[in-house]
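Q: Please find the sequence and the predicted model below.
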Amino acid sequence: MHYLVEKASIKNLDEILSLFKNTIEKTCSKDYNESQISAWTSSINNIEKWRKRIDNQYFIVVKENNKIVGFGSLEKNYVDLLFVDFNYLRKGIASLIFEDLKSEASKNGFFKLTAFASKTALPFFKSKGFSIIRENKAMINEVEITNFEMSQ
């Protein structure tokens, strides 16, 4: 498989949001209930927040045959987003995104990354050398969602 990594742009937004929502709905149901998934995916409605992420963060997309199959974003040393299309899991795309984000962070003088990982993403981040700092209870639309503050 040949994957193209490129900087995200606003024109990618609809595809990014669709991937985000579909992947959470398809891959996180064993770790989160329906109301938690609904609250989590509701963030796609805050278009301005997503636009700011694309404009202000180091935000990349991974494409195969011109289709976005994953994306990730970095703010200084914080991995804000890292998502892979549920149809493309276990093909090395998350690692490709992670290595690109890590490289960008180190270019900017950040050698220790942090993230808030979902229960579903926890094994991936552990495999990349992250340790749990603390369990976190995030509130989204009055729904509590557990994630983990992690550091490498």
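A: Received the coordinates, thanks. Numbers count the residues shown, from 1 in each chain.
Q: Can you list the residue ranges for helices in the protein?
A: Using DSSP state H, the helices of the chain run over 13-27, 34-41, 47-56, 93-107, 122-127.
Q: Ok, which of those helices comes nearest residue 134?
A: helix 122-127 (13.0 Å; C-beta to C-beta). Bear in mind the C-beta positions are built from the backbone N, C-alpha and C, glycine included.
Q: For that closest one, buried residues please.
A: By neighbour count with 16 or more other C-beta atoms under 10 Å, helix 122-127 contains the buried residues 122, 124, 125.
Q: which helices and strands sit right next to it?
A: For helix 122-127, the elements it packs on are strand 114-118, strand 143-151, judged by 3 or more C-beta pairs under 8 Å, 6 or more residues apart in numbering; DSSP states H and E.
Q: Format the helices of the chain as TSV; extra columns: distance to residue 69 and mean pLDDT.
A: Below are those laid out as TSV (distance: least, C-beta to C-beta, whole Å; pLDDT from 0 to 100):
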stretch	distance to residue 69	mean pLDDT
helix 13-27	8	97
helix 34-41	19	96
helix 47-56	17	98
helix 93-107	6	97
helix 122-127	16	97
